[in-house]
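Participant: got a sequence here, can you build the structure:
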Amino acid sequence: MKRFLLISSALILALPGAAQAQSQPQQRPPQSKPARPGGPGGRPPGNQRPPAVRPPQHRPPGTRPPQHRPPVARPPVHRPGAGRPPHFKPIHRPGFHYPRGYRYRRWRIGLILPRLFLASPYFFNDWAPLGVGAPPPGYRWVRYGPDLLLVQLNSGRIADVIYGAFY
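Facilitator: Numbers count the residues shown, from 1 in each chain. Okay, the predicted model is just below:
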């Protein structure tokens, strides 16, 4: 289906240009024009084209012209599922102790984390040194061994995984 859409959109874009090329008469060799004063370019040397004058824009009374503000420097936003963020740095933290009956498991996006790990001892609040950014509302960063998981609190569904965040 995607291939069909891609081919059909390419044909739609290419056909008007091809039809226009066929409808144009054959190119004639350029005819020599009479020389204008100032040289072969037709303009006196040193003169520039006058700047384009824009007509005044009419605004309703009492409105201000739009203000052009310089861009605001914002830290890069980490998109879930995009892998490691651009400014990611693994950090050293004390060892992780798994609860009884649990061992390391490589979690993936979309799986449900057990409720046991949705408690404050497993929440990771020091996310700034890693460069991952604050979790969105309703989500928390959870440490699971050497990995960092972005988990939705209501359902426990994993929205993002950063493997090897801690050593």
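
Participant: please verify my assumption that D147 contacts V161.
Facilitator: Yes: between D147 and V161 there is a contact at 6.1 Å, judged by C-beta atoms under 8 Å. (Glycine included, C-beta is placed from N, CA and C.)

Participant: tell me which of those two has more neighbours.
Facilitator: Taking other C-beta atoms under 10 Å, D147 and V161 do not tie; V161 has more neighbours (21 against 18).

Participant: quick one, phi/psi of the more buried one?
Facilitator: Phi and psi for V161, reported as degrees, to the nearest 10, are phi -130, psi 130.

Participant: buried set for stretch 135-147?
Facilitator: By 16 or more other C-beta atoms under 10 Å, the buried positions in stretch 135-147 come out as 135, 139-147.

Participant: likewise for stretch 153-167?
Facilitator: Buried, per 16+ other C-beta under 10 Å, within stretch 153-167: 156, 158-162, 165-166.

Participant: among these, which are in helices?
Facilitator: Judged by DSSP state H, helices contain none of the buried residues of stretch 153-167.

Participant: of those, just say which sits nearest to G95.
Facilitator: Each of the buried residues of stretch 153-167 was scored against G95 by C-beta to C-beta, and F166 proved nearest at 9.2 Å.

Participant: quick one: S8 is in a helix?
Facilitator: Yes: according to DSSP: H, G, I helix; E, B strand; the rest coil, S8 belongs to a helix.

Participant: and for D147 and V161, which residues touch both?
Facilitator: When C-beta atoms under 8 Å, 6 or more residues apart in numbering defines a contact, the residues bordering D147 and V161 alike are W107.

Participant: which stretches of the protein form helices?
Facilitator: 2-23.

Participant: which regions of it sit below the pLDDT cut-off?
Facilitator: 1, 4-6, 10-11, 13-57, 59, 65-66, 69-88 (pLDDT under 70).

Participant: at 80 instead, please
Facilitator: 1-95, 128-131, 167 (pLDDT under 80).

Participant: touching, P129 and K89? I think so.
Facilitator: Yes: counting by C-beta under 8 Å, K89 is a contact partner of P129 at 7.1 Å.

Participant: before we move on, the earlier item: nearest to S9 among the buried residues of stretch 135-147?
Facilitator: Closest to S9, out of all of these and judged by C-beta to C-beta, is Y139, at 36.8 Å.

Participant: done for today, thanks.
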